[in-house]
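Asker: can't give you the sequence, but here's the structure:
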């Protein structure tokens, strides 16, 4: 071919490709009702015992049924795969009676499967979140429909724990046959949706589980859970109709979405945003210094700046959405004079500390800068260090830090696992890596979890909350809400306090 | 040198390049502290589970030992395990090659079209207002970051005009001409100014050459001189520049894939670095390096086609 003819035809071909009508877009109309959700972090595994990671928890919650079932806003848990249950008089033996139900492959869900799922969650070495289940010592299938669980002490929060995501029931036969790794990539499910496809780092596609035990659920044909790391892109996709649900909307964009007709109301969350402080290191190894910092911080201003008023300033370490939250505790008002006096008493005048902040988190950056400015007025110098989250976690866990911006949430409304997570010094995570350890608090937490009487529990939890706030176990800043936006066609779907779409079964899509 | 040995030489040159890149990426990731396992298991994972998984992936071994096993495994075709995705790296990467290659080629086509349109217009209208305007636009184009261009395009074409989708990668070729048009335009806009300025300058240089003046003195029309002689003689420097620009395009995908949410290699590389997913980063870096070498190879061949005097 002549050189010029070649080049000319190549140019022509290029031109026609680039100018082809760009409206030749996706054809998506086969009539099926697939709910498309976008989230900022991606699904890494579909095995419920192998993770404590937000995206995994959200998706797995829609895939695996649990013994008990939560109502949409998780104010109560009721019969799930277990139709009924008996608790022995000593409070240490729980007997669950299973209903007739099937896995997504049509095989029956038996007591063997339940015992298998629970045993691997509780005892398997790489089970990520066995911590809340410490009192549980034995799980066995008594007959095809009965599971008996034995605890080593009276433990009131136990029933509410039988609903959390990592107790999801998996089929023994399939897991044993495929092995953990293969199962996690193509699981057989017990919840409202079955597994269809996993594209790592892109999306998980779920379909309707025809064998789901709850009559008439789910109402939609499937869920597409997409990873969209960029906040603005995620919002744009909702606006352009490419998503039905945009999870984790940046606070400044909520009003705009609401005005445009999306359902964009803040939803209650069990999250606490806080500054974790290392009680075993300078300068936070001194109570007076911790208190000086606590009084020097303006929680109301931080809440207003970061959540734009969509959250609440923290009074307790626990979120107000948790049971036994002590309403009588006031938000600590900023008191610079008192903070200065406490600082002088601590003998650490002129002290400084490094505040670690996850690079890339706009919210943490805002809060950290405010803390820096507010404490400067007290006479404490804060050096902000922005580091990436893998490194931040390592330093936190190793105790090689002074202060770090962080947050945590709780799976249940019951505060037991929340407190064991963040102030129980006897735990594996050393009070969420703060090294805060008060024997009295540890004892009170144990006592409260063994107490069946509501009023007495409330009293104990009030006592605990007061102590940990006084002793600044961590500097709780504010309690945010979940900021999600739903297309008007999405009906009946809410995200509950424990980061679960317990309402998904009844949700519909017009 | 004959063509055969030229073709043979390239893969051999690739070996030291790949070794160098693998050592550097390996060391860089090892030097930045951080634990991928903690991120993979999530904030509430127990210490015990984390230690167990770390040992399972061999992350408790000394660095040289890890690197040695890595190279030995690569030679056997095993590029390691993705820690985050709990599976072979190859499985994670293969599905992501097509979107990125498509995006780069599409971006290249668009930027070449823009380049020719701008450079030809500017050179033919030298010194007039349109020439100044084009040069101004080129300066601005170099200065504006691609994520900003991407956001503007999304706001205009996706949200206002609703012509293009915001995100994604479709199943068919035709489908993706629509899906990837804006992202390709974004990376195209990023490199066009470099190419267009270069091409315009060469056009002008050639228009003042003796052969062009000789043509004019013989009364040939200006458009004939340009399209018949000047145009073809001006292409070589820009084609050579193209080799460098393709590396830019490849780099540009990292940002653009994130803004337009395209499940490609750039996207994977970012999250791999952020989560310390060692072998994913290694594999993507090596793959991109191979891409750059291949594109330079293509440029050499193109040069030979354009200029028959050039021996490979």
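Answerer: Yep, it's here. Bear in mind the structure is a predicted one, so any value in this text is a computation, not a measurement. Residues are numbered from 1 along each chain as shown, chains lettered A, B, ... in the order given.

Asker: next SSE after the one helix or strand residue B:107 maps to?
Answerer: Using DSSP states H and E, residue B:107 maps to helix B:89-124. Moving toward the C-terminus from helix B:89-124, the next helix or strand (DSSP H and E) is helix B:129-143.

Asker: relative to helix B:89-124, how tilted is that following helix?
Answerer: 160 degrees (axes from the mean of the first three to the mean of the last three C-alpha atoms, to 10 degrees).

Asker: picking that back up, tell me which residues of the helix holding residue B:107 are tucked away?
Answerer: Buried residues in helix B:89-124, counted by 16 or more other C-beta atoms under 10 Å in any protein chain shown: B:89, B:92-93, B:95-96, B:99-100, B:102-116, B:118-124. From N, CA and C alone the C-beta is placed, and that goes for glycine too.

Asker: what about chain B, any weak spots by pLDDT?
Answerer: B:1-7, B:310-312 (pLDDT under 70).

Asker: what about 80?
Answerer: In the predicted model, chain B carries pLDDT under 80 at residues B:1-14, B:31-34, B:39, B:142, B:168, B:170-171, B:304-312.

Asker: what of chain A?
Answerer: A:1-31, A:360.

Asker: let's see that with 50 instead.
Answerer: For chain A, residues meeting the criterion pLDDT under 50 lie at A:1, A:18-28.

Asker: so who does residue A:296 touch?
Answerer: Applying C-beta atoms under 8 Å, 6 or more residues apart in numbering or on different chains, we find residue A:296 in contact with A:334, A:336, A:339, A:374-375, A:377-378, A:380.

Asker: relative to chain A, how far out is the spatially most central residue of chain B?
Answerer: Among the residues of chain B, the one closest to the centroid is residue B:250, at 1.4 Å (C-alpha atoms, centre = their mean). For residue B:250, the distance to chain A equals 19 Å [C-beta to the nearest C-beta, to the nearest Å].

Asker: surely that residue and residue B:293 touch.
Answerer: No: using C-beta atoms under 8 Å, residue B:250 makes no contact with residue B:293, being 11.3 Å away.

Asker: counting by contacts, list what the helix holding residue B:107 packs against.
Answerer: Where contact means 3 or more C-beta pairs under 8 Å, 6 or more residues apart in numbering or on different chains; DSSP states H and E, helix B:89-124 is packed against helix A:3-19, strand B:81-82, helix B:129-143, helix B:173-179, helix B:181-207, helix B:231-259, helix B:265-274, helix B:278-306.

Asker: can you give me how far the shortest one is from the chain middle?
Answerer: Read that as strand B:81-82. 24 Å (C-alpha atoms, centre = their mean, to the nearest Å).

Asker: residues touching the residue nearest to the centre of chain B, list them.
Answerer: B:104, B:288, B:291-292.

Asker: make TSV out of those residues and add distance to residue A:187.
Answerer: Output for the contacts of residue B:250, formatted as TSV (distance: C-beta to C-beta, whole Å):
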residue	distance to residue A:187
B:104	36
B:288	33
B:291	35
B:292	40
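
Asker: ok, those vs residue B:156, which is closest?
Answerer: residue B:104 (23.5 Å; C-beta to C-beta).

Asker: follow-up on the earlier one: a markdown table for the contacts of residue A:296, including secondary structure and neighbour count?
Answerer: As requested, these are exported to a markdown table (DSSP: H, G, I helix; E, B strand; the rest coil; neighbours: other C-beta atoms under 10 Å in any protein chain shown):
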| residue | secondary structure | neighbour count |
| --- | --- | --- |
| A:334 | coil | 18 |
| A:336 | helix | 16 |
| A:339 | helix | 23 |
| A:374 | helix | 21 |
| A:375 | helix | 23 |
| A:377 | helix | 13 |
| A:378 | helix | 21 |
| A:380 | coil | 24 |
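
Asker: check these and tell me the two furthest apart.
Answerer: A:334 and A:380 (13.4 Å).

Asker: break down the stretch 1-150 of chain A into its helices, ranges please.
Answerer: Ranges of helices in the stretch 1-150 of chain A, per DSSP state H, counting those that start in this stretch, are A:3-19, A:54-63, A:111-123.

Asker: quick one: is the second one near chain B?
Answerer: Read it as helix A:54-63. Yes: interface with chain B: helix A:54-63 contributes A:54, A:56-57 (C-beta under 8 Å from any C-beta of the partner chain).

Asker: which neighbouring elements make contact with the helix or strand hosting residue A:196?
Answerer: Element membership for residue A:196, per DSSP H and E: strand A:193-199. On a contact count with 3+ C-beta pairs under 8 Å, 6+ apart, strand A:193-199 meets helix A:54-63, strand A:203-208, strand A:222-227.

Asker: next, count neighbours for the residue nearest to residue A:503 when sequence neighbours are not counted.
Answerer: The shortest distance from residue A:503 to any residue other than its chain neighbours is 3.6 Å, reached at residue A:72 (C-beta to C-beta, 6 or more residues apart in numbering or on different chains). Here the count is done by other C-beta atoms under 10 Å in any protein chain shown, and residue A:72 has 18 residues near it.
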